[in-house]
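Asks: Build the 3D model from these lines:
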Amino acid sequence: MMNSKQMAMGEGGGLWLLKAFSGALLVIILAIHLVVNHLVYESGVMSWQDVVIYYQNPIIVILEAVFLVSVVAHALLGLRGILLDLQPSNAILVWINRLSLAIGIVAVLYGLWLLLTVASFG
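Replies: I've put the predicted structure just below:
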């Protein structure tokens with residue numbers, strides 16, 4: 001049985017809501033992403049020039065950025081939830097949290113840089 005300190009270190013209501021919200025957001029954005037990127041074009045795949053033109057619309061850049069942040073957050077929170085099932089000690093959980101946060105920040109910053117770089121080619 002976990003004591004109150006261990007429960008506080010686990011997945012609280014806020015993180016659960018964030019995971020649920022990011023999951024719901026992913027379903028919506030993924031549907032838009034798949035339709036626009038794979039069903040609108042005859043070949044099913046956008047060419048490099050098509051992507052550059054597509055990214056000239058600031059709404060698309062914002063949508064793709066939200067998609068990126070949602071994917072990273074949902075994936076890392078899901079991985080954290082799986083690791084919590086292993087009932088790590090509080091010290092290990094602190095490292096899991098720090099490592100997840102660091103990976104998430106690096107992934108989002110790299111993704112945003114790449115997104116803005118592609119958008120700048122137009």
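Asks: Report the distance from the longest helix anywhere in the chain to the chain centre.
Replies: Assignment by DSSP state H gives helix 90-119 as the longest helix of the chain. Between the centre of helix 90-119 and the centre of its chain there are 9 Å (CA atoms, centre = their mean, to the nearest Å).
Asks: And for stretch 32-47?
Replies: Centre-to-centre, stretch 32-47 and its host chain are 21 Å apart (CA atoms, centre = their mean).
Asks: what comes up buried for it?
Replies: In terms of neighbour count (16 or more other CB atoms under 10 Å), stretch 32-47 has its buried residues at 37, 46. C-beta: built from backbone N, CA, C; applies to glycine.
Asks: mean confidence score for that stretch?
Replies: Stretch 32-47 carries an average pLDDT of 82.
Asks: likewise stretch 51-67?
Replies: On average, stretch 51-67 scores 93.
Asks: pull the CA atoms of that stretch into CSV?
Replies: Extracted in CSV, the C-alpha atoms of stretch 51-67 (Å, rounded to 0.1, in the frame of the first residue of the first chain):
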residue,chain,number,x,y,z
VAL,A,51,4.9,20.9,-48.1
VAL,A,52,6.7,24.2,-48.3
ILE,A,53,3.7,25.8,-50.0
TYR,A,54,1.4,24.2,-47.4
TYR,A,55,3.5,25.6,-44.5
GLN,A,56,3.2,29.2,-45.8
ASN,A,57,-0.2,29.3,-44.1
PRO,A,58,0.4,30.4,-40.5
ILE,A,59,-2.7,28.4,-39.3
ILE,A,60,-1.1,25.2,-40.7
VAL,A,61,2.2,26.0,-38.8
ILE,A,62,0.2,26.5,-35.6
LEU,A,63,-1.8,23.4,-36.1
GLU,A,64,1.3,21.3,-36.8
ALA,A,65,3.0,22.8,-33.7
VAL,A,66,0.1,21.9,-31.5
PHE,A,67,0.2,18.4,-33.1
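Asks: Perfect, that will be all.
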